[in-house]
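**Q** how would this look folded up:
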Amino acid sequence: MPSTYTQLYVHLIFAVMFKNSQIQPRWRDSLFLYLNAIIKNHHQELLEINGSTDHIHLLLKIKTDLNLSALVRDLKSYSTKWVNISNYNEERFRWQTGFGAFSVGHGSLKKTKEYIQNEGIRHNRERFLEEYKRLLKAHEVPYQAAYIFRELV
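**A** This next block holds a predicted model:
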């Protein structure tokens, strides 16, 4: 639309279903490239991606017509099929239901990129579940602990 100007950013997080079907270092970069291709097919822009063996973080620049739930559905569905067809894990790979999405202001982009880049260092001292709850609290997102990535507890 002419005369519509936006800068919209989202920090997106989702987790692997079972601990025995984790993201392995030998195919992690390929997964990130595959996820980026899906994002591009949705006409969005990936600014940063990283994660651990049990979850990933993405920083997206999004357009106003984005259906975030549809994008996440496609990211999870297509990447699950890709991982399983590629036989990267002995066990079937699946993502958890649900996701976290947090708005990011333009002034916080650098800080958010650095946060995502430092995933490996952070998880030497903080488990994913603790990190996720901390982010929910920091963004004042109400939640019920019983429904947060149940399989990770």
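**Q** ok, Glu119 - contacts?
**A** For Glu119, the residues meeting the contact criterion (C-beta atoms under 8 Å, 6 or more residues apart in numbering) are Asn50, Gly51, Ser52, His57. Using the backbone N, CA and C atoms, a C-beta is placed for each residue, glycine as well.
**Q** Angles on the backbone of it, please.
**A** For Glu119, the backbone dihedrals (degrees, to the nearest 10) come out as phi -50, psi -50.
**Q** ok, now Leu12?
**A** phi -110, psi 140.
**Q** which residues does the nearest residue to it once chain neighbours are set aside contact?
**A** Counting by C-beta to C-beta, 6 or more residues apart in numbering, the nearest residue to Leu12 once its immediate chain neighbours are dropped is Leu58, at 4.5 Å. Neighbouring residues of Leu58 by C-beta under 8 Å, 6+ apart: His11, Leu12, Ile13, Leu35, Ile39, Leu46, Glu48, Ile49, Ile116.
**Q** Just put the contacts of Glu119 in CSV and tack on distance to Arg125 and pLDDT.
**A** As requested, the contacts of Glu119 are exported to CSV (distance: C-beta to C-beta, whole Å; pLDDT from 0 to 100):
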residue, distance to Arg125, pLDDT
Asn50, 16, 96
Gly51, 16, 91
Ser52, 12, 89
His57, 17, 97
